[in-house]
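K.L.:
No letters, just coordinates:
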């Protein structure tokens, strides 16, 4: 299994392709998916699934285009559907463009096979009401959207945000993963669960 990172869209959202044996899963699509499509074509990959960690506008700008180009199924966190009619979900906030409409099917927490790869959907709300993280145990990799960052955590001042809930999600679910698990966040550099558990000033061992 391999992981490719594509910073896309107006906020350079980390958009990912997770792939193995000619199949791929896209995690969040923050803008024009052309770089993802070019990589897939050059490497003989079929993008079978698109999974969204949450439904904020900067993580979904390219979903409609990627789904149309590939026929991939779009999987959305059901408890984030309440954001679809807000500016934080449909765009237009701060002068950013509206999000092209896309169709998605709800994805439940628990074990799944996406793109032929085993993964577990974890509930990690707080940044948004229904935010999820996608954990690939074979690769010891977790895609957590904007829940956890290198030395930081997601903001909670958008509609549906809840700071206390976000801290519980991180401490009870993400920090329960093996310490060597690589964290692939929605923005910024990768980190590890062990590193953040020890050193994150907002939620780690030394957080107040």
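P.N.:
Right, received. Where do you want to start? From a predicted model like this one, the values you see are computed outputs, not experimental measurements.

K.L.:
Which helix or strand in the chain has the lowest average pLDDT?
P.N.:
For the chain, using mean pLDDT, DSSP states H and E, the weakest element among its helices and strands is helix 87-90, scoring a mean of 93.

K.L.:
So which elements touch the helix or strand following that helix?
P.N.:
Downstream of helix 87-90, the first helix or strand assigned by DSSP states H and E is strand 105-106. The contact analysis (3 or more CB pairs under 8 Å, 6 or more residues apart in numbering; DSSP states H and E) places strand 105-106 against strand 73-76. All C-beta atoms are positioned from the backbone trio N, CA, C, and that covers glycine.

K.L.:
which intervals of this protein have sub-threshold pLDDT?
P.N.:
Filtered on pLDDT under 70, the chain yields the residue ranges 208.

K.L.:
show me the contacts for residue 83.
P.N.:
Contact analysis of residue 83 by CB atoms under 8 Å, 6 or more residues apart in numbering lists 54-56, 89, 128-129, 159-160.

K.L.:
can we see that at 10 Å?
P.N.:
Listed by CB atoms under 10 Å, 6 or more residues apart in numbering, the contact set of residue 83 reads 54-57, 60, 77, 89-90, 128-130, 158-160.

K.L.:
Mind checking which of these are buried?
P.N.:
The neighbour count (16 or more other CB atoms under 10 Å) marks 54-57, 60, 77, 89-90, 128-130, 158, 160 as buried among the contacts of residue 83.

K.L.:
possible to save those as CSV with secondary structure and distance to residue 203?
P.N.:
Shown next, in CSV, are the buried ones among the contacts of residue 83 (DSSP: H, G, I helix; E, B strand; the rest coil; distance: CB to CB, whole Å):
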residue, secondary structure, distance to residue 203
54, coil, 18
55, coil, 23
56, coil, 20
57, helix, 25
60, coil, 26
77, coil, 21
89, helix, 25
90, helix, 30
128, coil, 17
129, coil, 19
130, coil, 20
158, coil, 19
160, coil, 19
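
K.L.:
Which of the residues you listed sits closest to residue 6?
P.N.:
Proximity of these to residue 6 was ranked by CB to CB; the top entry is residue 60 with 14.3 Å.

K.L.:
mind checking how far that closest one is from residue 171?
P.N.:
To residue 171, residue 60 is 27 Å away according to CB to CB, to the nearest Å.

K.L.:
What ranges does this structure have for its helices?
P.N.:
34-42, 63-70, 87-90, 163-169, 193-199 (DSSP state H).

K.L.:
Which secondary structure elements does the last one sit against?
P.N.:
So that's helix 193-199. Counting contacts by 3 or more CB pairs under 10 Å, 6 or more residues apart in numbering; DSSP states H and E, helix 193-199 packs against strand 148-149, strand 182-185.
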